[in-house]
Structure formats: structure tokens, C-alpha cells
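S.K.: turn this into a model:
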Amino acid sequence: MRTLYHWPLDPASRQARIALGEKKLKFKLIPVVPWAPETDFMHLCVEGVPPCLHEHDSSKNLVIASARGICEYLADIPSAKHKLLAEDIRERAEARRLAHWFDGKFSAEVNAYILSERLEKTLTGQGAPDPAELRTGREFLKFHLEYLSWLLQQRDWLAGRTFSLADIAAGAHISCLDYLGEIQWENWPTLKEWYQKLKSRPSFRPLLKDIIPGLRSPRHYADLDF
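M.R.: Numbers count the residues shown, from 1 in each chain. Next up is the predicted model:
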């Protein structure tokens, strides 16, 4: 049995969901609120935050935490058709670099401002978002979108010729911001073309059905041809 503990608008959780979908693995989803995890989850996952993948049957009991841990584990599962990393060692290194970029730099410079203000404050009843914090996050977001656009002008996918962990990481983070209407796609045509390809993948489509009570996504969020 395979269970993924996740939260729908958590970029790390979304990475795990996409990666599992790409590997065509069946799994059960159990939601965990990052800022209010239940005791049972804390006992299972020492990190105390989603995502956490639990694989258990009569022969094994495996617990893997964090987007990077889960995605690297899944990438190592042999599969001729459903690969998460390219054969080329340079593309593999670039994919890992970009995945780390999103989980580190992007998260600290963008999510720490925008998602914290618009998600956590709203859902925990801490009041309205701070306009100054949002401005800071949006300035950083512009820089990151410019960088991604530059990469995609030279490559088919973010890390090179093939879909990889880099696209999974980027798509997970960007889709959370898109749910909040934070990306003006008309300003980013190259990035939009890449995101349309990503949204069309079967592994990504379940994310487009996510609904967070109290937070309504824009119409284009679930539209494959937006």
C-alpha cells in the first residue's frame, strides 16, 4: 500500500504527486495541514510537515519525507518509459540544480512572501496580507520568471531535451501561484507555452481539480488551453 501525506497547495507536496503520477504508481492521498499536523502524522514523519510517502505491506515499511527525498527515490525506480531524469549526465545534473533552485531560492524569495501572506494568513485567520510583503515577493517572482523564460528559449524543457525533475519542481511551485492568480501569462509567452505542455500531462491534471475552501482559483487555472 502506498500513501502520500500532502497538502493541496503545498509546492513540495505537489512535486511528490506529479512524480508519482509520472511513474504511473497508484497511491492514496491523505491531507495534512502544514501548520497544524495531527499527532498520528507526527509519529509517522519526524519532519512533521508534508509531503511524506509511506509504503507498507507484509515485506516493507518505508517512510520517505520531503519533495527531494521522494522524487529522487521515485527517479531511481527502474522504468524504460517513465523516467524522471535524462540519460545524459549533464541534463541530470542540471535537473537537480533547478529542482534545488526552486525548493531553496524560489521558495525563500517568492513563496515566503506571497504564499505565506495569501495562503497562511488567510486560512489561519491572521488578517489581510501585508502589501509590502506582497510587493517584495512579486518583484522576486518577476526575476525568476525572466530566468525561466530565458532557459526555455534555448531548451525544449527546463533542464534540456527531456521532461525531468526540474519541470516537476517548477510546475509545482508555479501552479500554486497560478491558483492565486499571481502570474500574468500574457507577459510570459515562452513560459506559458511550457506550462500548457505541463498542464496537459496526465500526472498534472489532478492538481487542476484541487479546491481550497475560502480560496477561489481564476477561471484559467483548470483550463488546458488558457
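S.K.: sec struct for the residue of the chain most remote from its centre, please.
M.R.: Farthest-out residue of the chain from its mean C-alpha position, per C-alpha atoms, centre = their mean: residue 58, at 31.2 Å. Here residue 58 is coil, with the state taken from DSSP: H, G, I helix; E, B strand; the rest coil.
S.K.: for residue 215, give the beta-bridge partners.
M.R.: Applying DSSP bridges to residue 215 gives these bridge partners: residue 212.
S.K.: distance of the residue nearest the centre of the chain from residue 201?
M.R.: A centroid search over the chain (C-alpha atoms, centre = their mean) returns residue 172, at 2.1 Å, as the residue closest to the centre. Applying C-beta to C-beta, to the nearest Å, the value for residue 172 to residue 201 is 13 Å. C-beta coordinates here come from the backbone N, C-alpha and C atoms, glycine included.
S.K.: for the residue nearest to the centre of the chain, helix, strand, or coil?
M.R.: The three-state label given to residue 172 by three-state DSSP is helix.
S.K.: could you measure it against residue 43, distance?
M.R.: 27 Å.
S.K.: swap in residue 83?
M.R.: 34 Å.
S.K.: how about residue 144?
M.R.: The gap separating residue 144 from residue 43 is 37 Å, by C-beta to C-beta.
S.K.: more neighbours: the two, which one.
M.R.: Legend: neighbour count by other C-beta atoms under 10 Å for residue 144 and residue 43, higher for residue 144 (18 against 9).
S.K.: quick one: pLDDT of the more buried one?
M.R.: Looking at residue 144, its pLDDT stands at 98.
S.K.: just residue 124 next, same as before
M.R.: What the model reports for residue 124 is a pLDDT of 82.
S.K.: spatially, which residue comes closest to it, not counting chain neighbours?
M.R.: Leaving aside its chain neighbours, residue 124 sits nearest to residue 35 (6.5 Å; criterion: C-beta to C-beta, 6 or more residues apart in numbering).
S.K.: that neighbour - how many residues pack around it?
M.R.: Per other C-beta under 10 Å, the neighbour tally for residue 35 reads 10.
S.K.: tell me which element it falls in.
M.R.: Counting by DSSP states H and E, no helix or strand carries residue 35.
S.K.: quick one: it from residue 50, how far?
M.R.: Here the distance between residue 35 and residue 50 works out to 11 Å (C-beta to C-beta).
S.K.: also residue 90?
M.R.: Counting by C-beta to C-beta, the gap from residue 90 to residue 50 is 32 Å.
S.K.: likewise residue 168?
M.R.: Between residue 168 and residue 50 the computed distance is 16 Å (C-beta to C-beta).
S.K.: please apply the same query to residue 63.
M.R.: According to C-beta to C-beta, residue 63 stands 12 Å off from residue 50.
S.K.: what residues does the one helix or strand in the chain whose mean pLDDT sits lowest touch?
M.R.: When the helices and strands of the chain are scored by mean pLDDT, DSSP states H and E, helix 121-123 comes last with a mean of 85. With contacts defined as C-beta atoms under 8 Å, 6 or more residues apart in numbering, helix 121-123 is touched by 127-129, 212, 214-215.
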